[in-house]
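Asker: let's see this in three dimensions:
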Amino acid sequence: MSLEKRMQRILDRLGVPLRVMWTPKANLGKHGAIASGILYVYDKNESEAWLTFQHEVYEYKFKEVTYVYRTLVNSLIEGFEKLAYERKEKFLEFLPRILEVIAEQTKEEAEHKRS
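Answerer: Residues are numbered from 1 along each chain as shown. So this is what the prediction gives:
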C-alpha cells in the first residue's frame, strides 16, 4: 500500500475530513500544508513525510481548540473598528462646525473694528 493511501486510511479512521496528497518536491520551503480540504505532504523521504503528516494533523485539530479564541479576538476587533468608525464620523461632522465658528468669530471681530 502506498504512503499516501496509508496516510489517508489513518485520516479516515480518525474521522478527519481531509484528503491526503503526497507530492514530493525538493526545496519547496515548506514540508506540508492544508488547503481546500487537502493535506499536502511535500517531503521526499518517507520518514520525514510521516513527521510532516503528523504535524499537519495536529495543527488541523488544534485549530478546533483555538477557534473560540480566534472568534473572540475577531469579535473584539470588529467592535473596536465600529467604535473607531463612529468616532471618526463624529469628528468629520464636527469639522464644518469649527470652520463655521471661526468664520463667525472673524466676522464679529471685523464688525467690532468698524464700530
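
Asker: please report how far E59 lies from Y85.
Answerer: Separation of E59 from Y85 (Cβ to Cβ, to the nearest Å): 35 Å. Any C-beta I mention is one placed from the backbone N, CA and C, and that applies to glycine too.

Asker: to clarify, my last question referred to I77.
Answerer: From I77 across to Y85, the span is 12 Å (Cβ to Cβ).

Asker: more neighbours: which of E59 and Y85?
Answerer: Of the pair E59 and Y85, E59 is the one with more neighbours under other Cβ atoms under 10 Å, namely 13 against 10.

Asker: contacting residues for the more buried one?
Answerer: I34 (Cβ atoms under 8 Å, 6 or more residues apart in numbering).

Asker: got a pLDDT number for it?
Answerer: Predicted confidence (pLDDT) at E59: the value is 95.

Asker: could you do the one 10 residues further on as well?
Answerer: Taken from the predicted model, the pLDDT recorded for Y69 is 93.

Asker: E4 versus that one, what's the distance?
Answerer: 33 Å.

Asker: what about stretch 6-20, how long is it end to end?
Answerer: 9 Å (Cα to Cα, to the nearest Å).

Asker: please list the outside residues in contact with that stretch.
Answerer: 1, 4, 22, 34, 37-39, 41, 50, 53, 57, 60-61.

Asker: of the residues you listed, grab the buried ones for PyMOL.
Answerer: In PyMOL, this line selects whichever of the contacts of stretch 6-20 come out buried by 16 or more other Cβ atoms under 10 Å:
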select buried, resi 4+22+39+41+50+53+57
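
Asker: mind listing which of the contacts of stretch 6-20 are in strands?
Answerer: 22, 34, 38-39, 41 (DSSP state E).

Asker: surely G32 touches W50?
Answerer: No - G32 lies out of contact with W50 (Cβ atoms under 8 Å); the separation is 10.8 Å.

Asker: relative to Y60, how far out is L18?
Answerer: Here L18 is placed at a distance of 7 Å from Y60 (Cβ to Cβ).

Asker: list the residues that contact both of those two?
Answerer: Jointly contacting L18 and Y60 under the rule Cβ under 8 Å, 6+ apart are 34, 39.

Asker: tell me the contacts of A49?
Answerer: With Cβ under 8 Å, 6+ apart, A49 has these contacts: 3, 22, 24, 41, 43.
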